[in-house]
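> After the sequence you'll find the predicted model.
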Amino acid sequence: ELKRNTGQRGYRAQQAAKFASQRRYHPSSSMTAFAFAYIDYLIGLDWSPEQISGALTQRGWLDVPSHEWIYQHIYQDKSQGGNLHLHLRHQKKYRKRGYKNTDRRGQIIDKTSIHCRDQVIDQRQRLGDFEGDTVIGKHHKGALLTLVDRKSLYVHIVHLGSTRASSKTITCALDRLRMSHAYSVTFDNGKEFAEHKRITDVGIDTYFADPYKSIQRARNENTNGLIRQYLP
């Protein structure tokens, strides 16, 4: 490792990192022109690097590039004036919730903090621990409930119609959680989850993430980002 990352003036950490990066993302000699073109085609269809790498693996490709490599391919294309980066999901402008913090109607009470979750949930050691949220349509026309299993990433997507009333949202969530033999669910702080005790009363633990800490429900947030990419 020292030999590979040593320059004429000896080993330097910054230089070593540059050498390693150049090796990591240098186009593989086994990558054909067709492979590059096909990957670019899938990027153009708004497929994420994770989707592309996974799909190529499932289709039996040899020497499938990792999603990190595909990201670097996109960034290199951008540095050369290309537009592949415009198809990355994080380029999209996500819609914010329409309610204001000063509106205290339907405030969530008796909620349990995410910091009280069992270790088995945090470590994703079993099926049946979910993350939940809602996705709002353009101009607030329509909403979806999403429930993502933390271990398997299996997702329930439920159309809520034009309302996110807590009673309807919780009823739909409860139906899907029971169907999945859920142990727990972790929500964000949306008021549509104000009736969370209905879920707790049937033996499914409910937790709430910290405000403005979407990273605490990363799997749910990533799923919602994918949904927003394809649905208006």
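Now that the structure is in, tell me what you want to look at. Numbering: from 1, shown residues only.
> Got phi/psi on the closest residue to residue 211 other than its chain neighbours?
Excluding the flanking residues, the one nearest residue 211 by C-beta to C-beta, 6 or more residues apart in numbering is residue 189, at 5.4 Å. Where you see a C-beta, it was placed from the backbone N, CA and C, and this is true even at glycine. Note on residue 189: its backbone torsions stand at phi -100, psi 20 [degrees, to the nearest 10].
> list the contacts for residue 189?
Residue 189 sits next to 108, 208, 209, 211 when contact means C-beta atoms under 8 Å, 6 or more residues apart in numbering.
> With respect to residue 39, which of these is nearest?
residue 209 (34.7 Å; C-beta to C-beta).
> What sits closest to that closest one if chain neighbours are left out?
Going by C-beta to C-beta, 6+ apart, residue 209 has residue 216 as its nearest residue, at 4.2 Å.
> likewise residue 116?
Counting by C-beta to C-beta, 6+ apart, residue 116 lies nearest to residue 207, which is 6.7 Å off, once chain neighbours are set aside.
> Mind jotting down where the strands sit in this protein?
Remark: strands assigned in the chain by DSSP state E are 6-7, 10-11, 129-136, 143-149, 155-161, 184-187, 205-208.
> Tabulate those (a markdown table), appending distance to residue 120 and mean neighbour count.
Formatted as a markdown table, these follow (distance: least, C-beta to C-beta, whole Å; neighbours: other C-beta atoms under 10 Å):
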| stretch | distance to residue 120 | mean neighbour count |
| --- | --- | --- |
| strand 6-7 | 46 | 12 |
| strand 10-11 | 43 | 10 |
| strand 129-136 | 8 | 24 |
| strand 143-149 | 14 | 22 |
| strand 155-161 | 21 | 16 |
| strand 184-187 | 9 | 25 |
| strand 205-208 | 11 | 21 |
